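>>> Everything below, folded, please.
(one chain, ligands or ions: 2)
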Amino acid sequence: MKGTVLVAEDDRNLRRVLRAMLARDGYEVAETPDGEAAASFLASRRVDALISDIRMPGMDGLALFRHCRERHPELPVILITAYGRIEDAVEAMRGGAFDYILKPFDEAELLRVVGNAVATSAVADREGASAPAGEWFGMVGRSPAWLEVRKVIEKAAASPFSVLITGETGTGKELVARAIHRISARRDGPFLKINGAAIPPTLWEAEMFGYEKGAFTGAVQSKPGRFELADGGTFFLDEVGEVPLGVQGKLLRVLQDREFERVGGVRTLTTDVRLICASNRDLRRETERGSFREDLYYRINGIPIRLPPLRERREDLLPLADFFLERTWKDLGAGRKFLAPATVEVLERYAWPGNIRELENAVARSVALSDGEEIGPSDLCLGLEETERPPAPATPEEERFHASVREHKRAVIRRAIAKAGGNKTRAAEILGLSPTYLSRLLRVLEVEGKGNGNGYNRS
Ligand SMILES: Nc1ncnc2c1ncn2[C@@H]1O[C@H](COP(=O)(O)OP(=O)(O)OP(=O)(O)O)[C@@H](O)[C@H]1O
Ligand SMILES: [Mg+2]
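Ligands and ions are numbered 1, 2, ... in the order given. Just a heads-up that it's a prediction; the model follows:
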């Protein structure tokens, strides 16, 4: 299963068509006939994306979208609108909707948009969450390294320049991009983002610059791109290293002259956008290899911001853990919980290759798994999201060590599944993993089998 999609659509036939297309492509589909039903469904169930018609009786798609921004800020919302009523969808995009689809739509377009939404839902922002004191635009930290970064963020926000944020996975690049927007003079303008990792090379140009009807197969209607929609605001281009060489020239032009054309269009359009890019690749090296234009690199790198990995800001580890702890127990409606001293010791010894995101997941699942007020070391499971195989054990001691780590992981997963009453999607949520990743883990660790294989043989 690729993920769960909720469809809110009053037209029964269209609902059926959507269900069929999505189910055929491997999604689990839930459907509701109006906005109220969708809102109450979302109150008790987690989905990976919402597709909603804009025009529905009662609570319409825009009201449902506003409800989701408040209550489920991480949920990607895709709106369906009729041709001729595109302004509504554009307005919603500027307010943070994930994307929109024009009726009549074709299957490939639908599946592409939904695929992108589901792929990015895991890394969506958490701006809506309430937070204890000491945070700054949703970010916690007091280490010297972080305070340095904060100064650069403020300078970048006050300037009109492009910003390039680099850092390992999970170091907070997206959160920083949002902070820059919210501090800057453009704060009342739109913030749009695009995730380079989720876009096939052939669609880059259309996503960024839009297209005119008939520009390519499947372009049944004209559609503005992200640069057009972000006019007056900020455009966050995540994984900028993925932009194909063939489109880089057009990107350079819009940055230099603010001018571009839609794909298949003849009209030259203008847009006033601040670009923030992020990358966890070394773009300078890519310019040397010729896969990234050097002139573009200098353009986007107006103000560089390098986010330190968590291991270089150890002082922030416990404040961050406390921050996530409090947020999680409040979210879960559980009572106050705290970390046992032995648990703190384990956290402090760990290397955190997945940085702040890994810490966030580890804390959240320990809260969900712990029974009492105190979170013990056995409620923690570090390295659950590790994808690499550990080095092959050479001695019996090493073999025993690996076996005990695997057994611990199995135990944690079994407990999560038990807590979730056997529902694996819910268990994945408790563990802070995607359902797909959890099913892979179940297989690799042979949780349901005999559980005595060495578990890391190719999956
Ligand atoms: N300083 C911070 N305080 C609190 N939470 C943070 C902080 N930095 C990052 N986070 C949280 O950590 C997670 C990862 O952050 P984010 O998505 O911004 O990282 P990223 O660098 O974009 O990662 P990737 O390269 O994998 O996309 C998010 O859930 C974010 O809310
Ligand atoms: Mg990111």
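>>> C-alpha from now on. contacts and neighbour counts both.
Will do.
>>> what residue ranges in the stretch 151-300 of the chain score low on pLDDT?
Under the criterion pLDDT under 70, no range of the stretch 151-300 of the chain is flagged.
>>> ok, the closest residue to residue 242 other than its chain neighbours - how many residues close by?
Using Cα to Cα, 6 or more residues apart in numbering and skipping residues adjacent in sequence, the residue nearest residue 242 is residue 196, 5.5 Å away. Here the neighbour count serves as a burial measure; for residue 196 (other Cα atoms under 10 Å) it reads 19.
>>> same question for the helix or strand hosting residue 359, mean pLDDT?
Using DSSP states H and E, the element containing residue 359 is helix 355-369. Looking at helix 355-369 alone, the average pLDDT works out to 92.
>>> Give me the contact list for that helix.
Counting contacts by Cα atoms under 8 Å, 6 or more residues apart in numbering, the residues outside helix 355-369 that touch it are 168-172, 309-311, 321, 324-325, 328-329, 332, 337, 352, 375, 379-382, 385, 412, 415-416, 419, 430-432.
>>> Show me what residue 166 is bridged to.
Taking DSSP bridges, one finds residue 279, residue 306 as the beta-bridge partners of residue 166.
>>> For the stretch 201-350 of the chain, just list every one of the strands.
In the stretch 201-350 of the chain, the strands defined using DSSP state E, counting those that start in this stretch lie at 210-211, 223-224, 234-238, 259-260, 269-270, 274-279, 303-306, 338-339.
>>> Now that we have these, can you turn them into JSON lines and tack on mean neighbour count and distance to residue 68?
Below are those laid out as JSON lines (neighbours: other Cα atoms under 10 Å; distance: least, Cα to Cα, whole Å):
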{"stretch": "strand 210-211", "mean neighbour count": "23", "distance to residue 68": "26"}
{"stretch": "strand 223-224", "mean neighbour count": "20", "distance to residue 68": "24"}
{"stretch": "strand 234-238", "mean neighbour count": "26", "distance to residue 68": "21"}
{"stretch": "strand 259-260", "mean neighbour count": "20", "distance to residue 68": "33"}
{"stretch": "strand 269-270", "mean neighbour count": "14", "distance to residue 68": "32"}
{"stretch": "strand 274-279", "mean neighbour count": "24", "distance to residue 68": "26"}
{"stretch": "strand 303-306", "mean neighbour count": "19", "distance to residue 68": "32"}
{"stretch": "strand 338-339", "mean neighbour count": "19", "distance to residue 68": "31"}
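>>> hang on, the earlier thing: quick one, which of the contacts of helix 355-369 are buried?
168-172, 309-311, 321, 324-325, 328-329, 337, 352, 375, 379-382, 385, 412, 415-416, 430-432 (16 or more other Cα atoms under 10 Å).
>>> just those that are near ligand 1?
Restricting the buried ones among the contacts of helix 355-369 to those touching ligand 1 (Cα under 6 Å from any ligand atom) yields 168, 169, 170, 171, 172.
>>> The helix ranked longest in the chain: which residues count as buried?
Residue-count comparison of every helix in the chain, with assignments taken from DSSP state H, identifies helix 396-419 as the longest. Within helix 396-419, the residues that count as buried by 16+ other Cα under 10 Å are 402-403, 405-417.
>>> of all these, which comes closest to residue 11?
Residue 11 has its nearest neighbour among the buried residues of helix 396-419 in residue 417, at 36.8 Å by Cα to Cα.
>>> The closest one touches residue 424, doesn't it?
Yes. The pair residue 417 and residue 424 passes the contact test of Cα atoms under 8 Å, sitting 6.2 Å apart.
>>> okay, the angle between the longest helix of the chain and helix 355-369?
Between the direction of helix 396-419 and that of helix 355-369, the angle (axes from the mean of the first three to the mean of the last three Cα atoms, to 10 degrees) works out to 60 degrees.
>>> Report all helices and strands that helix 396-419 contacts.
Under the contact criterion of 3 or more Cα pairs under 8 Å, 6 or more residues apart in numbering; DSSP states H and E, the helices and strands touching helix 396-419 comprise helix 355-369, helix 424-431.
>>> Any part of the first one near ligand 1?
Just to be clear, that refers to helix 355-369. Yes. Figure legend: helix 355-369 in contact with ligand 1 (Cα under 6 Å from any ligand atom); contacting residues 356, 357.
>>> For that helix, C-alpha coordinates in CSV please.
These are the backbone C-alpha positions of helix 355-369, laid out as CSV (Å, rounded to 0.1, in the frame of the first residue of the first chain):
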residue,chain,number,x,y,z
ASN,A,355,20.0,14.6,13.4
ILE,A,356,17.0,16.5,14.8
ARG,A,357,14.4,14.5,12.9
GLU,A,358,15.8,11.3,14.3
LEU,A,359,15.7,12.7,17.8
GLU,A,360,12.1,13.9,17.3
ASN,A,361,11.0,10.5,16.2
ALA,A,362,12.9,8.7,18.9
VAL,A,363,11.3,10.8,21.6
ALA,A,364,7.8,10.7,20.1
ARG,A,365,7.8,6.9,20.0
SER,A,366,9.2,6.5,23.5
VAL,A,367,6.4,8.6,24.8
ALA,A,368,3.8,6.5,22.9
LEU,A,369,5.4,3.2,24.0
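>>> which element follows that helix toward the C-terminus?
Heading towards the C-terminus - elements assigned by DSSP H and E - helix 355-369 is followed by strand 374-375.
>>> Direction included, what does that next one pair up with?
Assessed with DSSP bridges, strand 374-375 is paired to strand 338-339 (parallel).
>>> tell me the domain boundaries of the chain?
The chain breaks down into these domains under automatic domain parsing: 4-121, 135-308, 312-444.
>>> Could you pull up phi and psi at residue 104?
Its backbone dihedrals place residue 104 at phi -80, psi 140, with angles given as degrees, to the nearest 10.
>>> same question but for residue 8, I mixed them up
The phi/psi pair for residue 8 (degrees, to the nearest 10) reads phi -110, psi 110.
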